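**Student:** for reference, the sequence and a predicted model appear below.
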Amino acid sequence: MLITGAQFVAVTAIVKHVGSGIPAPQAAFLRYLLGLVFFIPFLGTIRRAGLDRRSMQLFGLRGTAHAIGVMLWFYAMTQIPIAEVTAMNYLSPVYVTIGAAVFLGERLAARRIAAVCVALLGALIILRPGLREVSSGHLAMLISAVVFAASYLLAKIMADRMPAVVVVGWLSIVVTAVLAPFAVAVWVPPSLEDLAWLFLVAAFATGGHYTMTLAFRAAPIAVTQPVTFLQLVWATALGALVFSEPVDAWVVLGGAVIIGSVSFIAWREAVLKRRAVTPPAMATKV
């Protein structure tokens, strides 16, 4: 999840650099279309996956939800600062964690619940709802958080049943197909430079989805999702150093709260794992 976060922050930086020169639906479509090249070596594996009807329905549902979220996210990136986009993304992990408990039966210990709530509080400190204007970019991010949460929950279900490359490959195929008509409706001729940047977006985003799927297979969502809060620190620093976006005391405070909560839950997971693998003193030595 740490590697996933670094790759997604790189995606954010490149999309911010490209700006609004290409309409959001078209930029999202090109990102996924160009990303299909990374799955050419795995076409045999994807074909041999032997998917049943339910699996295809899940892939279709996830791809449609993800396509809507991607379009809204690309639009928000052209309207509000990187730190705000990243902070509002943290609504999605909260929905994911709650959804995992409700629909997947994952157990939420009190410490995990507290850590997630504290991390969300940090994001709210940065956003300061009620004290600033809510723009179309903010509304886009609010909606995208919900549909991305649905996408991630479906990814968790599929990651337990099939290889990561199949899960990510079908995501790219379905999202490309869903985005195509939206892109055609607003199409403008892209420059070679724009295509090069969007290919780089595709590279980082595809890698991010692959490592995220591996993380979902390795641990429950309640464990993996809080790590994504570290993206806010990286994104805020990136906005300040590269795009000259101001960093105020609220952003620093909110980031510190988030780092504290993530560090606590990571420490607790490490302690519990050590307890599970360390035999008691009287255990039989083998």
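**Tutor:** In hand now; what should we look at?

**Student:** contact partners for the nearest residue to residue 42 once chain neighbours are set aside?
**Tutor:** Nearest-residue entry for residue 42: residue 165, 4.8 Å, with adjacent residues in sequence omitted and distances by CB to CB, 6 or more residues apart in numbering. Just so you know, the C-beta spots here come from the backbone N, C-alpha and C atoms, and that holds for glycine as well. Applying CB atoms under 8 Å, 6 or more residues apart in numbering, one finds that residue 165 lies in contact with 39, 42, 45-46, 210.

**Student:** residue 66 too?
**Tutor:** 147-148, 151, 171, 174-175.

**Student:** relative to residue 163, how far out is the closest residue to residue 150 other than its chain neighbours?
**Tutor:** Closest residue to residue 150 in three dimensions, ignoring its sequence neighbours and counting by CB to CB, 6+ apart: residue 65, at 4.7 Å. Going from residue 65 to residue 163 by CB to CB, to the nearest Å gives 21 Å.

**Student:** out of those two, which sits in the more crowded spot?
**Tutor:** Set side by side, residue 65 and residue 163 show unequal neighbour counts under other CB atoms under 10 Å, the larger going to residue 65 at 23 against 17.

**Student:** so that one touches residue 153, yeah?
**Tutor:** No. Applying CB atoms under 8 Å as the test, residue 65 and residue 153 come out as separate, 9.5 Å apart.

**Student:** what is in contact with the two at once?
**Tutor:** Contacts common to residue 65 and residue 153, judged by CB under 8 Å, 6+ apart, are absent.

**Student:** please put the alpha-carbon coordinates of the helix or strand where residue 31 lies into PDB.
**Tutor:** Taking DSSP states H and E as the criterion, the element that holds residue 31 is helix 24-35. C-alpha atoms of helix 24-35 as PDB (Å, rounded to 0.1, in the frame of the first residue of the first chain):
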ATOM      1  CA  ALA A  24     -11.700  15.100 -18.300                       C
ATOM      2  CA  PRO A  25     -13.600  12.300 -20.000                       C
ATOM      3  CA  GLN A  26     -11.100  12.200 -22.900                       C
ATOM      4  CA  ALA A  27      -8.100  12.300 -20.600                       C
ATOM      5  CA  ALA A  28      -9.500   9.500 -18.500                       C
ATOM      6  CA  PHE A  29     -10.200   7.400 -21.600                       C
ATOM      7  CA  LEU A  30      -6.700   8.000 -23.000                       C
ATOM      8  CA  ARG A  31      -5.100   7.000 -19.700                       C
ATOM      9  CA  TYR A  32      -6.900   3.600 -19.700                       C
ATOM     10  CA  LEU A  33      -6.500   3.100 -23.500                       C
ATOM     11  CA  LEU A  34      -2.800   3.600 -23.300                       C
ATOM     12  CA  GLY A  35      -2.600   1.500 -20.200                       C
END
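
**Student:** alright, I will stop here.
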